[in-house]
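Chemist: what would the 3D arrangement of this be:
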Amino acid sequence: MHPAAPSTQYSGGGAAVSMMAPGAAPPDCDHDEREPGDGQGRRAHAEAWLVARGWTVRARRFRSGHRDLDLVVERGDTIAFVEVKARHGSRFGHPVEAVDWRKQRELIRSAQVWADRYGRTGQAFRFDVIGVLIEGHRTRIRHVENAFALAVRP
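Modeler: Residues are numbered from 1 along each chain as shown. Here you go, the predicted model:
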């Protein structure tokens, strides 16, 4: 286990945020991926955040054609399909804002494939987005639960 512990945590409005020491690997992370712009590094931060909150990782980078789901996690009877976005600084907005309708459509398609292959009767499915924001010497995690819904056609 890495010695880095979040210095500040709060939640509200459907989002939770944590700040970590600069360059520190997230707690309970097996590897030393510290660069948030790197896909594995940002996913490692997000995965550690989720595991610390009782989620179990079912899949990492589940691929469906040219699309993928960054993380598929489970807690109780709930499966969350998690998209992880990272940015250095907020000059271009928060990373969670990068999940537009096109990306949502791709995530939904991949999630449907995963659910058809591995889902069980009685499970609830949702889409979460985790933003990893690097500002100077701080890494902030923002977890938006139920970030968007699956559109149901009549």
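
Chemist: gap between the nearest residue to Gly89 once chain neighbours are set aside and Ser90?
Modeler: Closest residue to Gly89 in three dimensions, ignoring its sequence neighbours and counting by Cβ to Cβ, 6 or more residues apart in numbering: Glu135, at 5.9 Å. C-beta coordinates here come from the backbone N, C-alpha and C atoms, glycine included. Here the distance between Glu135 and Ser90 works out to 7 Å (Cβ to Cβ, to the nearest Å).

Chemist: can you name the residues bridging to the residue nearest to Gly89?
Modeler: Using DSSP bridges, the beta-bridge partners of Glu135 come out as Arg138.

Chemist: for Ala98, see how far away His66 is.
Modeler: His66 is 18 Å from Ala98, where distance means Cβ to Cβ.

Chemist: the more surrounded of the two?
Modeler: It is Ala98, of His66 and Ala98, that has more neighbours when counted by other Cβ atoms under 10 Å, with 15 against 7.

Chemist: mind listing what the more buried one touches?
Modeler: Taking Cβ atoms under 8 Å, 6 or more residues apart in numbering, we find Ala98 in contact with 85, 87.

Chemist: try it again at 6 Å.
Modeler: Under the criterion of Cβ atoms under 6 Å, 6 or more residues apart in numbering, the contact partners of Ala98 comprise Lys85.
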